[in-house]
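# following is a predicted model, sequence given first.
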Amino acid sequence: MSDLVTVIVPVYKVEKYLNKCVDSILNQSYRNLEIILVDDGSPDECSRICDDYASMDSRIEVIHKENGGLSSARNAALDVAKGDWILCVDSDDYIHSTMVEKMLAAAEENLADIVISSYYLQKNDKLSIVDEIHDEVIVMDKMTALDRLVADKEIKSYAWGKLYRAELFEGVRYPDGRNYEDIATTYYLFDKADKIIKIPEYLYYYLVRDDSISFNNSTVSWHKGCHASCLGQEERAEYFKQKGYVDLYERAMAALLPYLFSDIKSAYQAGEFEDAIETQKYIQGHLNSFRENAYISDKDKKLIDVYLKSPDYFKFYEKVKKPVLKINKKIAKVRHHIWLLTAFYDFELKAGKSRRVVYFELPCFDNLGDHAIAYTTKKLLSQIFADDDSAQIYVVPGWQFNKAFSALKRCIGKDDVIVCQGGGNFGNLYDFAQVFRRKVLKRFRDNRIVIMPQTVFYTDDEKGNKEIELDRKTIEKCSNLTILARDKKSYGLFKQYFKTDVCLMRDVVTTLNLPDQNNEREGILLCLRSDKEGKLSLEEKMQIEKECREWGQDVKVSDTCTNYVIKDEDRERILLAKLGLFSRARLVVTDRLHGMMFSLITKTPCIVLGNNHHKVREAYDTIGDCDYIRYIDSADELKKAVSDLLNDNCGSYTRPVYKNDLGKYKELLCGKNS
């Protein structure tokens, strides 16, 4: 690779952040860079900082200009850029030391015109992944990429985090004087490209700060941003129409309409009535496009008339909206209840069968740990009841719970067995799971009920105590309930809280057997959580990655949460793909319980750090006989643990076989019918 890459950095009022940004560019492993710092009339010390950097490194060129905004600054750099490729970096953000090298290599390998990297979001002391998580390179033609750009989920319009072939900018510039200028530009660049790829590497660090131009801290600034976004989206839709991209035009108009509603509402609130009138004229001029659009819901089509009314009418609408919605919600609830009374779910027993085994899954959303539990439990039940001619298994997906629950109430038999999904959701951290579970326990309390292995956690406050009492009243009315605790701590807490049968069992995923992959293992996989249970700071995460790279290993970043809802029909494919990722790693570093369990079942060496309550440490103790999994109390112990596992100082690498677990499950599910 010898191509020149131009890195464009617009600079304005970022003296606190500029050094970190520029240093991250100068420290790139790929050295053939042209770095253009555009001082956009910054009133602070940024001008001097830019000049100091230019005096230290000949790759840096500084442009000093009057303040004209982000678009003007980028355009000034584009006018003089000499690179074969263009990379935009915002001056309060920073980039990974391998960003240019990896993106350029991906472009060359895939013959791509645009490469999009994955990114971290930094807020205060936390580093998070908020975008959809995909572990493979996604290759797209321009129409596919434009479609995903309009959807604004998998691909965003941001200028940053993308490597562009320089020739794409011929005849394309950012609109001067507008916020959200990238919405009005990125689609042009995509349309000129033949191939766009998104790579799974996390190479860009996006800083969220309260004083940035994109931080809307008032009604006026919110409206200003919304109005600018609408203008860009209107131009984009018109462009698609002129190009004859009919479906893209329809999708773009459907995506635009909610923004137009927000624009009118915020214009009224901010007193910017001219903006509201302008947007209403746009809607009037495109009424047919909105009313005949198959991608727009009937509800939004009806709302069009409301948003075309005067400010006084809209004010009246906002006033009566809440009570009307409240009434409509009650009506909908009654209709739903009536529907449930007659809802059909097939619980009819086949000839020769005399009892049902009904497994209630929970809605698993994007958490592959929960999906793995549901997937494994289904397999386990099939294995346990394979030789039982009297039993018929029903698996109720979480999203069909209400319909199935109502139907089962009408046909439940005294010998039927109820199984509830396991996991780490018993307590008051995940209210939806507890609500579902209580409904099952209350209605089927006279039946045999088994709650699969759970971690229990109630917060030590009024809310936690209230939830314990609600669960206690429900559980103690059950005549034949067994709760399986997946660690000793939870076992003790369940025994303390509730008068019911409690049994200690490992996480059910430990029973999942996979065929030997025989993959060639390489690299280190980081699977670190960034949700409310994560405790690792930004510095700790950065240190973990740095120490892993010091071993000369390629480091991949992933998670067992995908940040997109996984449909039941896609569960097996996505789960097995993730397990394949684990099986190809030489080492996993994780603070997720199922990051540890996925390592166990794929026979992958793993270092485990605890999260902010007991479940990871306690679950580790249940598999402590696995010699290729190590628990450490802090990131400070990482270096030695990596050394041990990479140098094979950990025994046989033989997966433990828990032969007695299947027998216990058979006894619990088959041997205690009421």
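Received the coordinates, thanks.

# number of residues surrounding residue 546?
11 (other CB atoms under 10 Å). The C-beta positions use only the backbone N, C-alpha and C, and glycine is treated the same way.

# list the buried residues of the helix or strand where it lies.
Using DSSP states H and E, residue 546 sits within helix 538-549. Neighbour-count burial for helix 538-549 flags 538, 540-541, 543-545, 547-548 (criterion: 16 or more other CB atoms under 10 Å).

# give me the next element, helix or strand, following the lowest-mean-pLDDT helix or strand in the chain.
Least confident helix or strand of the chain, by mean pLDDT, DSSP states H and E, is helix 311-342 with a mean of 58. Next helix or strand after helix 311-342 toward the C-terminus (DSSP H and E): strand 355-360.

# where is the longest strand in the protein?
Assignment by DSSP state E gives strand 195-208 as the longest strand of the chain.

# what's the burial count for residue 513?
For residue 513, using other CB under 10 Å, the count is 10.

# I meant residue 456, not that one.
26.

# which ones are touching residue 611?
Shown in contact with residue 611 (CB atoms under 8 Å, 6 or more residues apart in numbering): 529, 533-535, 591-593.

# helix or strand: which one has the closest residue to it other than its chain neighbours?
Among residues not flanking residue 611 along the chain, residue 533 sits closest, at 4.6 Å (CB to CB, 6 or more residues apart in numbering). For residue 533, there is no host helix or strand (DSSP H and E).

# check for me that residue 117 belongs to a helix.
No: when DSSP: H, G, I helix; E, B strand; the rest coil is applied, residue 117 is found to be strand, with no helix at that position.

# burial check on it, number of neighbours?
22.

# give me the pLDDT for the residue nearest to the spatial centre of the chain.
The residue lying closest to the centre of the chain (CA atoms, centre = their mean) is residue 563, at 1.7 Å. We have a pLDDT of 93 for residue 563.

# I figured it was touching residue 128, is that so?
No: between residue 563 and residue 128 there is no contact under CB atoms under 8 Å: 9.9 Å.

# coming back round to it: and the residue nearest to the centre of the chain, how far from residue 140?
Going from residue 563 to residue 140 by CB to CB, to the nearest Å gives 19 Å.

# also residue 558?
21 Å.

# looking at these two, which is more packed in?
Between residue 558 and residue 140, residue 558 has the larger neighbour count (other CB under 10 Å), namely 25 against 22.

# for that one, what are phi and psi?
Per-residue torsions, residue 558: phi -150, psi -170 (degrees, to the nearest 10).

# now do the same contact list for it.
Residue 558 neighbours (CB under 8 Å, 6+ apart): 133, 135, 200, 525-527, 578, 581.

# farthest pair within those?
526 and 578 (13.9 Å; CB to CB).

# so which bits of the host helix or strand of residue 383 are buried?
Here residue 383 sits within helix 368-384, counting by DSSP H and E. Neighbour counts over helix 368-384 (16+ other CB under 10 Å) mark 368-378, 380-381, 384 as buried.

# quick one: work out the angle between it and strand 355-360.
170 degrees (axes from the mean of the first three to the mean of the last three CA atoms, to 10 degrees).

# so which elements touch helix 368-384?
strand 355-360, strand 391-396, strand 423-427, helix 571-583, helix 593-601, helix 659-670 (3 or more CB pairs under 8 Å, 6 or more residues apart in numbering; DSSP states H and E).

# of the ones you listed, which is nearest residue 411?
strand 355-360 (8.4 Å).

# okay, now the sheet partners of that closest one, with direction.
According to DSSP bridges, strand 355-360 has the following sheet partners: strand 391-396 (parallel), strand 417-420 (parallel).

# centre of the chain to the first one, how far?
What it means is strand 391-396. Distance of strand 391-396 from the chain centroid (CA atoms, centre = their mean, to the nearest Å) equals 31 Å.

# including pLDDT, could the buried residues of helix 368-384 go into a markdown table?
Converted to a markdown table, these look like this (pLDDT from 0 to 100):
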| residue | pLDDT |
| --- | --- |
| 368 | 96 |
| 369 | 96 |
| 370 | 96 |
| 371 | 96 |
| 372 | 97 |
| 373 | 97 |
| 374 | 97 |
| 375 | 97 |
| 376 | 97 |
| 377 | 97 |
| 378 | 97 |
| 380 | 96 |
| 381 | 96 |
| 384 | 94 |
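
# can you list the low-confidence ranges for the protein?
Applying pLDDT under 70 to the chain flags residues 1, 211-217, 313-344, 532, 612-613, 649-652, 672-674.

# could you redo the last one with a cut-off of 80?
Applying pLDDT under 80 to the chain picks out residues 1, 210-217, 312-344, 516-519, 531-534, 611-614, 648-653, 659, 671-674.

# show me what contacts the closest residue to residue 381 other than its chain neighbours?
Of all residues not flanking residue 381 in the chain, residue 393 sits nearest, at 5.3 Å (CB to CB, 6+ apart). Contacts for residue 393 (CB under 8 Å, 6+ apart) come out as 356-357, 359, 381-382, 385.
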